[in-house]
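Enquirer: A predicted structure for the sequence below; I have some questions about it.
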Number of protein chains: 2
Amino acid sequence: MSAAALFLWFGRSQVTPPYRTALVISGLVCAIAAYHYFRIFESWTAAYEVRGAEITATGYAFNDAYRYVDWLLTVPLLLIELVLVMRLSESETVSKSMRLGAAAVLMIALGYPGEVAADNGTRALWGTLSTIPFLYIVWELFRGLGAAIDRQPEAVRPLIRKARLLTFASWGFYPIVYMAPFADISGASAETTIQIGYTLADIIAKAGVGVMIYMIAVRKSAIERDTAAPATVVA
Amino acid sequence: MSAAALFLWFGRSQVTPPYRTALVISGLVCAIAAYHYFRIFESWTAAYEVRGAEITATGYAFNDAYRYVDWLLTVPLLLIELVLVMRLSESETVSKSMRLGAAAVLMIALGYPGEVAADNGTRALWGTLSTIPFLYIVWELFRGLGAAIDRQPEAVRPLIRKARLLTFASWGFYPIVYMAPFADISGASAETTIQIGYTLADIIAKAGVGVMIYMIAVRKSAIERDTAAPATVVA
């Protein structure tokens, strides 16, 4: 995550100024995640002790809140980086960022009480509530943003669609992990599987999508430089 | 807070040189806060131990002084960033920064003895003394700075007024938290509520206002570039 953040920030010099904010935000998403993975690491090693082949719980609680605080910050920013790289008008950028960002905050905040709930009924209730803003985000990504994608230069359209699909596909993983307790999966292996699952989804959604944002920004910078060049010659 | 600091510092390349100092200062405010939140985190985890569902006080005191040292440094800078982004004359910038900065230092320094006081009488005394420079700052923001805002380009005036309002509104939260002990609120939940309250107010006053300063700086840079361009052509 730290490496992805540095890659995206160094990439600022490779794109034109209008795309630099998208790379700054994409880098921040990975940096915020890197910070929280340090905290998750500390919490995990404090919660379980490995001596030889024996693993024991120390009694300190493993704090899953770090993931949710991370998502609360990074998921709105992930949607904003996708909007920013499209370089829409200022008013459209602000309105789409606000709506998608607010829906993302709502989605994460509603998911948390279910994640820490002791019984599956409460988990199902909050999970369902959290699905409402999730569906709104999917609708916005494919309807609202779909029209805007059609106005993008032809050469980057497939790449933007792929970034959108990768965002959607990696997000689809979180509800599956969230629902693991319903499949009667529990105990040490289940906990480990959940943590690995969330981590893989995070790497794809943050570092993976970040690299795609970088590729889109580089390609759009080149197209706009080429388009701008003849105008200067004519003048 | 760290992410906001990095965002504001990276943003320097997106504005013209006269606005870069405002972004440096805005970023410093968030970076200073990030440092103190690390110290607060350490102090908090040293003061309370979580084992399973049980939370116990370890006997180590939670040190609230970190917040006040943070505010002593960041609150004057917060007012200075608001003055800087307005790009007033040099003498006006210096005099307004000095007056607002000094009042802010006085406000925080007078508040601290009340915050750590054991009895509510002492708390009320210092709280009231602290309110005097606070009222002076409010008067300066709305009277003194009001006239200067009217001289700003029309396109950024609403945004500057919003930044001023957000500063004022988020600051209004601190006295409410400060007065919590008067409402007979005490114990673990009260302490937690106070800490969450101060933290939310800090995020809005520092990262939130910082992003608004960035937006004002970007918009003013664009306006001044557009205004400068035809003048160069005419010359």
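Expert: On my side now, so go ahead.

Enquirer: residues from chain A in reach of chain B?
Expert: A:9, A:12, A:17, A:20-21, A:24-25, A:28, A:31-32, A:35, A:59-61, A:73 (CB under 8 Å from any CB of the partner chain). (C-beta placed from N, C-alpha, C; glycine too.)

Enquirer: from the residues you listed, which would you call buried?
Expert: When the residues of chain A next to chain B are checked for burial by 16 or more other CB atoms under 10 Å in any protein chain shown, the buried set is A:9, A:12, A:20-21, A:24-25, A:28, A:31-32, A:35, A:60-61, A:73.

Enquirer: Lowest-scoring secondary structure element of chain A by mean pLDDT?
Expert: helix A:209-234 (a mean of 82; mean pLDDT, DSSP states H and E).

Enquirer: Could I get the buried residue list for that one?
Expert: So, applying 16+ other CB under 10 Å, buried residues of helix A:209-234: A:209-221, A:224.

Enquirer: need the contact list for A:Arg87.
Expert: A:Pro18, A:Tyr19, A:Lys220 (CB atoms under 8 Å, 6 or more residues apart in numbering or on different chains).

Enquirer: I'd guessed the last one sits against A:Gln14; true?
Expert: No - contact status for A:Lys220 versus A:Gln14: not in contact, 11.7 Å apart, counting by CB atoms under 8 Å.

Enquirer: Against which helices or strands is the least confident helix or strand of chain A packed?
Expert: Helix A:209-234 sits against helix A:2-10, helix A:20-47, helix A:65-84, helix A:157-178, with contacts defined as 3 or more CB pairs under 8 Å, 6 or more residues apart in numbering or on different chains; DSSP states H and E.

Enquirer: Can you check what angle separates that helix from helix A:2-10?
Expert: Going by axes from the mean of the first three to the mean of the last three CA atoms, to 10 degrees, helix A:209-234 is angled at 10 degrees with respect to helix A:2-10.

Enquirer: quick check: angle from helix A:209-234 to helix A:20-47?
Expert: 170 degrees.

Enquirer: what's the offset of helix A:209-234 from the middle of its chain?
Expert: 25 Å (CA atoms, centre = their mean, to the nearest Å).

Enquirer: For chain A, give me the ranges with low pLDDT.
Expert: A:185-186, A:229-235 (pLDDT under 70).

Enquirer: Looking at the residues of chain A next to chain B, which one is closest to B:Gly127?
Expert: Relative to B:Gly127, the closest of the residues of chain A next to chain B is A:Leu73; by CB to CB it sits at 33.1 Å.

Enquirer: Pretty sure the closest one sits against B:Ala3.
Expert: Yes - counting by CB under 8 Å, A:Leu73 does reach B:Ala3; the two are 7.2 Å apart.

Enquirer: Tell me the spacing between the closest residue to A:Lys162 other than its chain neighbours and chain B.
Expert: Leaving aside its sequence neighbours, A:Lys162 sits nearest to A:Met212 (CB to CB, 6 or more residues apart in numbering or on different chains; 6.5 Å). Using CB to the nearest CB, to the nearest Å, A:Met212 is found at 20 Å from chain B.

Enquirer: again, but for A:Pro113
Expert: In terms of CB to the nearest CB, A:Pro113 sits 16 Å off from chain B.

Enquirer: Now do A:Gly11 against B:Phe10, distance only.
Expert: Separation of A:Gly11 from B:Phe10 (CB to CB, to the nearest Å) stands at 12 Å.

Enquirer: Actually, A:Asp150.
Expert: Counting by CB to CB - A:Asp150 and B:Phe10 are separated by 31 Å.

Enquirer: quick one, which of those two is more surrounded?
Expert: Remark: of A:Asp150 and B:Phe10, B:Phe10 carries more neighbours, 21 against 9, as counted by other CB atoms under 10 Å in any protein chain shown.

Enquirer: from memory the more buried one sits against A:Phe10, does it?
Expert: No - using CB under 8 Å as the test, B:Phe10 is too far from A:Phe10 to be in contact (11.7 Å).

Enquirer: Identify the farthest-apart pair in the buried ones among the residues of chain A next to chain B.
Expert: A:Arg20 and A:Tyr60 (42.3 Å).

Enquirer: sorry, back to before: quick check: the farthest pair among the residues of chain A next to chain B?
Expert: By the measure CB to CB, A:Pro17 and A:Gly59 form the most distant pair in these, at 53.0 Å.

Enquirer: From the contacts of A:Arg87, pick the one nearest chain B.
Expert: Closest approach between those and chain B, by CB to the nearest CB: A:Pro18, at 9.1 Å.

Enquirer: Just give me the neighbour total for the closest one.
Expert: A:Pro18 has 15 nearby residues by other CB under 10 Å.

Enquirer: Can you pull the phi/psi pair for the residue lying closest to it once chain neighbours are set aside?
Expert: In space, and not counting its chain neighbours, A:Pro18 is closest to A:Arg87: 5.6 Å by CB to CB, 6+ apart. For A:Arg87, the backbone dihedrals (degrees, to the nearest 10) come out as phi 50, psi 60.
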